[in-house]
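**Q** please work out how this folds:
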Amino acid sequence: MKEGTLEKLQQAAREGAVRLLYLDEARFHASPPVQRSWSPRGLPHQVEPNHHCRRSVIGALDFGQNTLIHAAHSGTIKAPNVEHFIDGVLVGTAGVPTVIVLDNASIHHGISEETRQRWLLEHKTVLFYLPAYSPELNMIEIVWRHLKYRWRSALTWTRETIDTELNALLNKYGPDFQIDFS
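**A** Residues are numbered from 1 along each chain as shown. Model prediction:
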């Protein structure tokens, strides 16, 4: 049933009747995973991962415009970060009704009823929760997969360079590449 509703919402977004946002979080690590390596005979294998160099990103895919709105965090994203991000995304959108598609993460269900009512009254915005274990219905998952594929290289970034590299990567969605959802 939700899949059929999403298809109708996607068509309405293509026609400009509704703003459809797919929202989710992703993590990006500065060090690629080490799957194979070698060391000189008789010496132990040594790998120095940069665990301190990872970023959490919250993003919203505007389905009708096929644009990515994003914000990076050095720590874990929590429910107040989600509310603050959505508030920022909704600024200046009083005209067209907005539907925000979310998965069933606990931080998405932590949004207070007062906040939902405020979004509905001020911005004509409703939250649409996907069924459990259905990432294939969340279009931003496809964007994350493509971004992480482009992120994958044999380079390891430092604390100083990860933010610049991540921002450059996220800003490439749209001008350099897009996903055709038709």
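
**Q** CA atoms for contacts and neighbours, from now on please.
**A** OK.

**Q** tell me the contacts of the most centrally placed residue in the chain?
**A** Central residue of the chain (C-alpha atoms, centre = their mean): Gly59, 3.3 Å from the mean position. For Gly59, the contact set (C-alpha atoms under 8 Å, 6 or more residues apart in numbering) comprises Leu23, Asp24, Glu25, Leu68, Ile69, His70, Ala71, Ile140.

**Q** could you measure from the nearest residue to Ala60 once chain neighbours are set aside over to Arg41?
**A** Among residues not flanking Ala60 along the chain, Leu23 sits closest, at 4.3 Å (C-alpha to C-alpha, 6 or more residues apart in numbering). According to C-alpha to C-alpha, to the nearest Å, Leu23 and Arg41 sit 49 Å apart.

**Q** still on that earlier bit, okay, and the residue nearest to the centre of the chain sits in which element?
**A** Per DSSP states H and E: Gly59 is located in strand 54-62.

**Q** what does stretch 103-113 rub up against?
**A** Contacts with stretch 103-113, where a contact means C-alpha under 8 Å, 6+ apart, come from 24, 78-79, 82-83, 102, 129-132, 134-135, 138.

**Q** mind doing that once more with 10 Å?
**A** Applying C-alpha atoms under 10 Å, 6 or more residues apart in numbering, the contact partners of stretch 103-113 are 22-25, 77-83, 102, 118-119, 127-135, 137-138.

**Q** go on, stretch 135-147?
**A** The contact list for stretch 135-147 (C-alpha under 10 Å, 6+ apart) reads 2-3, 6-7, 21-28, 57, 59-63, 68, 101-103, 129-131, 148-152, 166, 169-170, 172-173, 177-179, 181.

**Q** Gly4 versus the residue lying farthest from the centre of the chain, what's the distance?
**A** For the chain, the residue at maximal distance from the C-alpha centroid (C-alpha atoms, centre = their mean) is Gly42, at 44.6 Å. Separation of Gly42 from Gly4 (C-alpha to C-alpha) stands at 61 Å.

**Q** fine, thanks again, bye for now.
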